[in-house]
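Asks: Pasting the sequence and the predicted model now:
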Amino acid sequence: MTEPETAATAAGRPSGPMPPSMQFTPEGRLRHLLTIEGLSPELVTEILDTAESFVGMNAQTVKKVPLLRGKTVMNLFFEASTRTRTTFELAAKRLSADVLNINISTSSTVKGESLLDTLRNLQAMYVDMFVVRHADSGAAHFIARHVAPHVSVLNAGDGRHAHPTQALLDMFTIRRHKGDFSRLKVAIVGDILHSRVARSQIQALNLLGTGEVRVIGPKTLLPAHVEDLGVRPFHDIRTGLKDVDVIIMLRLQRERMDSGLLPSEHEFFQLWGLNEERLALAAPDAIVMHPGPANRGVEIDSRVADGPRSVILEQVTYGIAVRMAVMSLIVGASVNQGAAQ
Amino acid sequence: MTEPETAATAAGRPSGPMPPSMQFTPEGRLRHLLTIEGLSPELVTEILDTAESFVGMNAQTVKKVPLLRGKTVMNLFFEASTRTRTTFELAAKRLSADVLNINISTSSTVKGESLLDTLRNLQAMYVDMFVVRHADSGAAHFIARHVAPHVSVLNAGDGRHAHPTQALLDMFTIRRHKGDFSRLKVAIVGDILHSRVARSQIQALNLLGTGEVRVIGPKTLLPAHVEDLGVRPFHDIRTGLKDVDVIIMLRLQRERMDSGLLPSEHEFFQLWGLNEERLALAAPDAIVMHPGPANRGVEIDSRVADGPRSVILEQVTYGIAVRMAVMSLIVGASVNQGAAQ
Amino acid sequence: MTEPETAATAAGRPSGPMPPSMQFTPEGRLRHLLTIEGLSPELVTEILDTAESFVGMNAQTVKKVPLLRGKTVMNLFFEASTRTRTTFELAAKRLSADVLNINISTSSTVKGESLLDTLRNLQAMYVDMFVVRHADSGAAHFIARHVAPHVSVLNAGDGRHAHPTQALLDMFTIRRHKGDFSRLKVAIVGDILHSRVARSQIQALNLLGTGEVRVIGPKTLLPAHVEDLGVRPFHDIRTGLKDVDVIIMLRLQRERMDSGLLPSEHEFFQLWGLNEERLALAAPDAIVMHPGPANRGVEIDSRVADGPRSVILEQVTYGIAVRMAVMSLIVGASVNQGAAQ
């Protein structure tokens, strides 16, 4: 199997460890958001609080504020994702930024040099922020390492590495429903091994002091030494879901099926799918989350996805406010100042 | 022949009658615009009057107003149409809305369930209005039935069912040139049977009390019992055009040709095309309309399309103002209030 | 070889000389920007001064001004160019215009009539400015000849004819670095014959009274009687670069290779490529320019492109300000007025 990391390395990217500190300015302010790793609990809390200030009277409204007026946000999607791009685009527009979408086929950037040329040209156009989605792990870090001092990079998902805004919106959703993390049991179910979402969620949950973080899945889809990540592994969904307060279902990447790593969709659902009977094993007020789009009948039953415990659509809604919060903190603008206009 | 309606039904859509009342809030205010059917003459007049307030000193200008500032309009085009999408996009931007264009290939929404999932996700992103274009009759109603209470749906053309904003901009154009509808003779020429434009025009013309509405075309392209729609059918264009004040030519869908329903383009022009000689049969100050894009030499001669009686380009211009009017009435914003800023 | 001009003529376009005066209103104000030809030195200086007023304290910022608020700019790109389109889009957004991107495949406009229909429809949508990129020489003039009186046309590159905003941003870059043009020696290197960029640059340099304009390239890639353009030809890069203050490298169009007009890329670099050794022949403080994207190792060595004399990325940055200046002068808005808000 070709590893994305290998491809990245072949393209001239350093494959060594990525210093989490590169996300900050010398003064310690957030400059890039590349990964949850290295963020402080205080900063994550500040992001969630800022997002809270953007959520309107009801969940259906969000304030339009001039915090990024005159700033240019460029969505660089090397991997197509209308849904994710749209949430970033809406977040930036709600902050009054000018937004440009650039779809870059990976083919035109086979050589690292060509990608760098493209980047340098785009940032020369008075760009203030790149939102980057890329199939290679480390792509956002690579770009962050090479941008000019006035440019920030926001990782919108890189390979199997990280998807920090997804994890932050998940934390926001959990906090809204459950409050204090220290008393919570949270279970993440499915293909942990290949999931950038799971990696970022585990880091964020531990950062916020979650009582217990469980991962549930077949051994082949859990990372080796998964306990070192600060989670408790379960290879049986029934015991794993027992009494949990939050269930996070992962999207099954169907590509994995073809590679022979996984059983059939039907068999996967039988073993690891969330149905009403299994949901009943969790705490009576447990919430069900999914980063979307859900494969109904594969990892989750429609009655659960659309049921009273599901907060899946709330996650989408809060995702806008959380991305607004990250963008506004990165540009260093005071929310209060903006809201005063 | 596969009926679009059949496809819609197969996709799980109710095929029963669509209650026109679903376009209104319980308080009787316009919430969705799906069809002309069920609108009151007063409401149509209010839309036209509002559009009038947006048209500037000369036809080339339109005011930019903050009526939809902070609102998000999403163009959901399941059927590609750069021209129509552009008019809605411009209308929304002139009202200061944030606009997003989402092109959804019909393939990804073969199952009604998947379409619903997409919709629910998009509306969770603080969307206030969906502008929907779809190849299936009833698609806009289907979507309107499933959106959240804070979301409005604007039908930008669904199958052969309805195209209400086209009909409204046509009424606006006629009113600007001819004033009182009660004394007018209006002829619609071409493929009435398959035309969503014609259906909506006939309803709007009758609603506004048009003196006489004629439809002109071969029997195979007129609906059965067409008289029940409140129109007078003609199977000869010369007698049909006699003394009319307004001639509306329909665009010939060339796909129909291949199906054997129609003669050749040349033959169609010979029998049903509008040329200068036939135009001379109408009233001396008759105007010529076309929803565009015109097939020159098929349904209309270039000398007529570009001639002094043609108001085809005015229709395009007024289309922006009319769509602004519909959007602003739907969000319930007062035009005067907005203009006061 | 099929000439683009021939194609244009076949499409019904007049092939005669294009009167430069058509760029102005009867009062002598700039209405369209189609070519550098016919502009006065005073007007070019006014454009550069206006651009200067948009450049912020440092090169990374540019002011957002409401000069085009309520105006609609439509990018009509018949030839794909994400990079160029993006600079125009950003310039228009920085002026607070509404911007629409329309990609028109040339196939749909094979007949001149169909292109005209498309244009007339688009301009009827309250469009104030078309930014046009087209593979045919003369396309922007053709469009300018047919638009309504309220519409302006900005040529973003037509065939091998002209690319006036590129030339203006190059002049801006040179002026920032070198000041007075009269004492400068400027060399343009590469395929002069097929380059719209070179044509516009030569005109602009002569207009501003540049001391000496040199063109350097193989005889097959210099126009016949090139001296008549007011330049001094060199067929050896070493003698041509001697003591010049500004070196402008042209992008080699790889399509030309296949036609047999050119040697291999490797051979081209050997004969005409800019490397450090050749750069050393120029004045000690010479600057290196390139309209981008550069073919590294073909017309320019990476060490030069990324070296201390290169101002290639500055050109990109200044391109936004220069396009803002052209747009704001065309709409006739006073910069001071806008900046006062």
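Replies: Received, thanks. Numbers count the residues shown, from 1 in each chain, chains lettered A, B, ... in the order given.
Asks: what about the residue lying closest to residue A:310 once chain neighbours are set aside, which SS state?
Replies: With Cβ to Cβ, 6 or more residues apart in numbering or on different chains as the criterion, residue A:310 has its nearest non-adjacent residue at 4.8 Å, and that residue is residue A:288. (Each C-beta comes from the backbone N, C-alpha and C, glycine too.) Using DSSP: H, G, I helix; E, B strand; the rest coil, the structure places residue A:288 in strand.
Asks: Count the neighbours of residue A:288 for me.
Replies: Residues lying near residue A:288 (other Cβ atoms under 10 Å in any protein chain shown) number 20.
Asks: Verify the contact between residue A:173 and residue A:317 for me.
Replies: No. Assessed by Cβ atoms under 8 Å, residue A:173 is found out of contact with residue A:317, at 9.1 Å.
Asks: rewinding a little: assess the claim that the residue nearest to residue A:310 and residue A:307 are in contact.
Replies: Yes. Residue A:288 is in contact with residue A:307 according to Cβ under 8 Å; the separation is 7.5 Å.
Asks: Would you mind confirming that residue A:87 makes contact with residue A:323?
Replies: Yes. With contacts counted by Cβ under 8 Å, residue A:87 reaches residue A:323, the gap being 6.1 Å.
Asks: In terms of packing, which of those two has more residues around it?
Replies: Ranked by neighbour count (other Cβ under 10 Å), residue A:87 and residue A:323 place residue A:323 first, with 30 against 27.
Asks: if I look at that one, how far off is residue A:154?
Replies: As judged by Cβ to Cβ, to the nearest Å, residue A:323 and residue A:154 stand 8 Å apart.
Asks: Residue A:224 now?
Replies: Computed as Cβ to Cβ, the residue A:224 to residue A:154 distance reads 30 Å.
Asks: now swap in residue A:179 and tell me
Replies: Plainly put, residue A:179 is 28 Å away from residue A:154 if you go by Cβ to Cβ.
Asks: Those two - which one has more neighbours?
Replies: Per other Cβ under 10 Å, whichever of residue A:179 and residue A:154 has more neighbours is residue A:154, with 26 against 10.
Asks: And the pLDDT for that one?
Replies: In the predicted model, residue A:154 carries a pLDDT score of 98.
Asks: List the contacts of the residue nearest to residue A:310.
Replies: By Cβ atoms under 8 Å, 6 or more residues apart in numbering or on different chains, the contact list for residue A:288 reads A:247, A:249, A:274, A:279, A:300, A:304-305, A:307, A:309-312.
Asks: Can you name the residues bridging to it?
Replies: Counting by DSSP bridges, residue A:288 forms beta bridges with residue A:247, residue A:310.
Asks: swap in residue A:134?
Replies: residue A:158.
Asks: okay, now it: neighbour count?
Replies: Neighbours of residue A:134 (other Cβ under 10 Å): 26.
Asks: in the longest helix seen in chain A, what's buried?
Replies: In chain A, assigned by DSSP state H, the helix with the most residues is helix A:312-330. The neighbour-count criterion (16 or more other Cβ atoms under 10 Å in any protein chain shown) identifies A:312-330 as the buried residues of helix A:312-330.
Asks: Next: stretch A:85-101.
Replies: A:85-100.
Asks: what about that stretch, near chain C?
Replies: Yes. Using Cβ under 8 Å from any Cβ of the partner chain, stretch A:85-101 reaches chain C at A:98, A:100.
Asks: For chain A, just list every one of the helices.
Replies: Using DSSP H, helices in chain A cover A:4-10, A:41-54, A:82-94, A:112-123, A:139-146, A:164-178, A:196-207, A:237-241, A:254-258, A:265-272, A:276-279, A:302-305, A:312-330, A:335-339.
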